[in-house]
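A.B. asks: requesting a structural model of the entry that follows:
(4 chains)
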Number of protein chains: 2
Amino acid sequence: MQNWDDLRLFLAVAREESLSGAGKVLRLDPATLGRRVARLEKTLETALFVKSPQGYALTAAGAQLLGQAEAAEQAMRQATAGLAGAQDGLTGQIRIGAPDGAANFLLPQVCGQIGAENPGLDIQIVALPRVFNLSRREADMAIAVSAPDAGRLVVQKVADYHLHLAASEAYLGTNTAIRRVSDLRHHRIVGYIPDMIFDRELDYLADLGLARVPLASNSVSVQGHMIQQGGGVGVVHDFALPFLPGVRRILTQDVHLARAFYLIRHADDRRNQRLSQFAELLAGALRREVARLEAMA
Amino acid sequence: MQNWDDLRLFLAVAREESLSGAGKVLRLDPATLGRRVARLEKTLETALFVKSPQGYALTAAGAQLLGQAEAAEQAMRQATAGLAGAQDGLTGQIRIGAPDGAANFLLPQVCGQIGAENPGLDIQIVALPRVFNLSRREADMAIAVSAPDAGRLVVQKVADYHLHLAASEAYLGTNTAIRRVSDLRHHRIVGYIPDMIFDRELDYLADLGLARVPLASNSVSVQGHMIQQGGGVGVVHDFALPFLPGVRRILTQDVHLARAFYLIRHADDRRNQRLSQFAELLAGALRREVARLEAMA
DNA sequence: CCTTTGCCTTGCCATTTTGCAAGACTAGAA
DNA sequence: TTCTAGTCTTGCAAAATGGCAAGGCAAAGG
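C.D. replies: The predicted structure is shown next:
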């Protein structure tokens, strides 16, 4: 459909069963309605009405469209209706669960910005290095690196992000050069504590064939600092690099990991205006922030 | 909302987060988009975007509208998508259950007309003087005089109609004049067989204080003919009068009954394109036919 | 049989909307 | 600091859209 407004006029004509009747309702000239209905029929390549001097009667195709158009009308009505209650911005308290990468490097800026736009809103960030249990209402929504398939949850993909191997300039200067992946065997690896990996998507090192992890933490933030201090080589989120001056990506040609963040909510909250609004806001801001930081890396 | 098309543009701008980006997608000038977004914000009395030389970023209100707009988009997409399959009109067999008043005086013309528009369609009218059992699939849809509250059914009001007392010219000429309702005690009454009344809405005569029914039938068509032959006085549908020449309404000031027809379908059939299309067509045609016949009465 | 009434269509003109081009502004790079 | 590249805005001409009035057609009423 090239012009949604044509459907609005169609609806009026279908209900009044005449151009003149619809014209009175919409305060438009019958000639205008006739022309726009004609345009709609042309783009749809279907006769919607049987025209006669007695009025416009729906054809079978037109009758079908009527049903659909009424659904669309409902949607349009809802779209505008909700705005009244949201005039003064969000208020109250919202708690977000997130893996600590997002919690440390993304959410602070994002939530700060949203909080500034909505003075009445209190945002709580719960950083957790494990799968989050939304069912117990530990948080209103959660960010995850994979989409759960069980439970009554609503999942929405938020942003793609990328990871690369990295080490500090100092470390690279004082250790043997790294030219290919196999060279990593002779270096100290920084990564997750193997038996505390809570999501298959985080098991990067296994993908690289690296079993031993001499320097490990369950927190990517801690891992980042280990690498920054010259502790060794590890996988770093691109969006974390601007916060880790002195850390440089290596082997960017050979190792290039892509993951995504998902925003998860209770299915029950789907109709909650307030949370939906916040979720949209959060998702958009996160996507922008990831893009911004990755561009800086 | 005064112009639905503005929401389509809003959606593109919100997704691209810039006028110029949306302009490329929609093949519209950024200036146009800017002006129309401004118009939308004005009619909604809400700031939807934060404008900057870096682009258009959603405000909280805008983020909320985005969610709603996506629902509307879905509806618009569906509206047009379904039409492709319906190009050649309806086909197959559809069975309609109806009380015999509608079955005799309304459905023949209506179904004839729909059948003519859809050559591949076979329509069956099942006239039944009792509550219809859709659950057993005795019919695809049914017309009723009251909306059932039980069962997984979809109910849609189709048309209002009216009833009045009536008798044949011949009868009125040879019997004592009827000036008020109480005069009816001395006349032969035509009506339903009392213990076969299947719907509270049909128990007209009780409303008039008339308990005895000397001439009774379970079929309004038969009742109509009884009245036409001078058998007595009875309640007649206004839309049946054009089919009963010689029958005249009486006491129209004192007795004025209003009822309505409802179209009932299985909840399961709600998503059935073909039946939905037919139902829309039937409902519209019935409404028109009742209006036409009542205007003639 | 003619008139009236209601409807749709078509042509013409005013109005609105659109696209283009130029100006202004910000962020990031040299 | 200056320059570049990317935005958004504003002014003006062109295109489209919408309103008006006249014409045509079918049904209802005298």
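
A.B. asks: which residue ranges of the stretch 101-250 of chain A form strands?
C.D. replies: Using DSSP state E, counting those that start in this stretch, the strands found in the stretch 101-250 of chain A span residues A:121-127, A:141-144, A:153-168, A:189-191, A:215-216, A:233-237, A:247-250.

A.B. asks: nearest to DNA strand C, of those?
C.D. replies: strand A:247-250 (16.4 Å; CB to the nearest atom of the strand). Every residue, glycine included, has its C-beta placed from N, CA and C.

A.B. asks: stretch A:21-36 close to DNA strand D?
C.D. replies: Yes. Using CB under 7 Å from any atom of the strand, stretch A:21-36 reaches DNA strand D at A:27-29, A:31-32, A:35-36.

A.B. asks: which SSE is the one residue in the stretch 151-297 of chain A that gets nearest to chain B in?
C.D. replies: Here the stretch 151-297 of chain A gets closest to chain B at one residue, residue A:280, 3.7 Å apart by CB to the nearest CB. Applying DSSP states H and E as the criterion places residue A:280 in helix A:273-296.

A.B. asks: what helices and strands are in contact with that helix?
C.D. replies: When contacts are defined as 3 or more CB pairs under 8 Å, 6 or more residues apart in numbering or on different chains; DSSP states H and E, helix A:273-296 sits against strand A:92-98, helix A:107-117, strand A:141-144, strand A:153-168, strand A:257-266, strand B:55-58, helix B:60-81.

A.B. asks: now do the contacts for residue A:183.
C.D. replies: Residue A:183 makes contact with A:176-177, according to CB atoms under 8 Å, 6 or more residues apart in numbering or on different chains.

A.B. asks: same question for residue A:2.
C.D. replies: By CB under 8 Å, 6+ apart, the contact list for residue A:2 reads residue A:43.

A.B. asks: how near is it to DNA strand C?
C.D. replies: Plainly put, residue A:2 is 11 Å away from DNA strand C if you go by CB to the nearest atom of the strand, to the nearest Å.

A.B. asks: again, but for residue A:251
C.D. replies: Residue A:251 is 23 Å from DNA strand C, where distance means CB to the nearest atom of the strand.

A.B. asks: nearest residue to that residue other than its sequence neighbours?
C.D. replies: Distances taken as CB to CB, 6 or more residues apart in numbering or on different chains put residue A:165 closest to residue A:251, at 5.2 Å, once the chain neighbours are dropped.

A.B. asks: need the pLDDT of the one you found.
C.D. replies: In this model, residue A:165 is scored at 95, pLDDT.

A.B. asks: count the residues that sit near it.
C.D. replies: By other CB atoms under 10 Å in any protein chain shown, 25 other residues sit near residue A:165.

A.B. asks: that one is in contact with residue A:233, isn't it?
C.D. replies: Yes. Counting by CB atoms under 8 Å, residue A:165 touches residue A:233, with 6.1 Å between them.

A.B. asks: now do the shared contacts for those two.
C.D. replies: Common contact partners of residue A:165 and residue A:233 (CB under 8 Å, 6+ apart): A:184, A:250.

A.B. asks: any idea how far the residue of the stretch 151-297 of chain A closest to chain B is from DNA strand D?
C.D. replies: According to CB to the nearest atom of the strand, residue A:280 stands 19 Å off from DNA strand D.

A.B. asks: distance of that residue from residue A:262?
C.D. replies: From residue A:280 across to residue A:262, the span is 15 Å (CB to CB, to the nearest Å).

A.B. asks: which of these two has more neighbours?
C.D. replies: Neighbours were counted for residue A:280 and for residue A:262 using other CB under 10 Å; residue A:280 has more, 23 against 18.

A.B. asks: so who does the more buried one touch?
C.D. replies: Residue A:280 makes contacts with B:58, B:63-64, B:66-67, as judged by CB under 8 Å, 6+ apart.

A.B. asks: repeat that for residue A:165.
C.D. replies: A:184, A:233-236, A:249-251, A:255.

A.B. asks: okay if I get those residues as CSV plus neighbour count and pLDDT?
C.D. replies: Formatted as CSV, the contacts of residue A:165 follow (neighbours: other CB atoms under 10 Å in any protein chain shown; pLDDT from 0 to 100):
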residue, neighbour count, pLDDT
A:184, 20, 88
A:233, 25, 93
A:234, 28, 93
A:235, 23, 94
A:236, 25, 94
A:249, 17, 95
A:250, 19, 95
A:251, 18, 93
A:255, 17, 89
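
A.B. asks: can I get the CA coordinates of the one helix or strand residue A:33 maps to in CSV?
C.D. replies: Secondary structure assignment for residue A:33, by DSSP H and E: helix A:30-44. Included here for helix A:30-44 are C-alpha records, laid out as CSV according to Å, rounded to 0.1, in the frame of the first residue of the first chain:
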residue,chain,number,x,y,z
PRO,A,30,-17.6,13.2,-3.0
ALA,A,31,-15.4,13.9,-6.1
THR,A,32,-12.3,13.6,-3.9
LEU,A,33,-13.5,10.3,-2.4
GLY,A,34,-14.3,8.9,-5.8
ARG,A,35,-10.9,9.7,-7.1
ARG,A,36,-9.1,8.3,-4.1
VAL,A,37,-11.1,5.1,-4.1
ALA,A,38,-10.3,4.8,-7.8
ARG,A,39,-6.6,5.2,-7.0
LEU,A,40,-6.8,2.5,-4.3
GLU,A,41,-8.5,0.1,-6.6
LYS,A,42,-5.8,0.7,-9.2
THR,A,43,-2.9,0.1,-6.8
LEU,A,44,-4.7,-3.0,-5.4
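
A.B. asks: starting at the chain centroid, how far to it?
C.D. replies: Counting by CA atoms, centre = their mean, to the nearest Å, helix A:30-44 is centred 38 Å from the centre of its parent chain.

A.B. asks: got it, and stretch A:203-220?
C.D. replies: The answer for stretch A:203-220 is 28 Å, by CA atoms, centre = their mean.

A.B. asks: so how far is the first residue of it from its last?
C.D. replies: End-to-end distance of stretch A:203-220: 12 Å, with CA to CA, to the nearest Å as the criterion.

A.B. asks: so is the helix holding residue A:33 next to DNA strand C?
C.D. replies: Yes. Helix A:30-44 reaches DNA strand C (CB under 7 Å from any atom of the strand) through A:30-31, A:34-35.

A.B. asks: which of the residues you listed are buried? Put it as a PyMOL command.
C.D. replies: Selecting only the buried entries of the residues of helix A:30-44 next to DNA strand C in PyMOL, with 16 or more other CB atoms under 10 Å in any protein chain shown as the criterion:
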select buried, chain A and resi 34
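
A.B. asks: nearest to DNA strand D, of the residues of helix A:30-44 next to DNA strand C?
C.D. replies: Among the residues of helix A:30-44 next to DNA strand C, and counting by CB to the nearest atom of the strand, the member closest to DNA strand D is residue A:31, at 3.4 Å.

A.B. asks: where does that closest one land on pLDDT?
C.D. replies: Value for residue A:31, per-residue pLDDT: 94.
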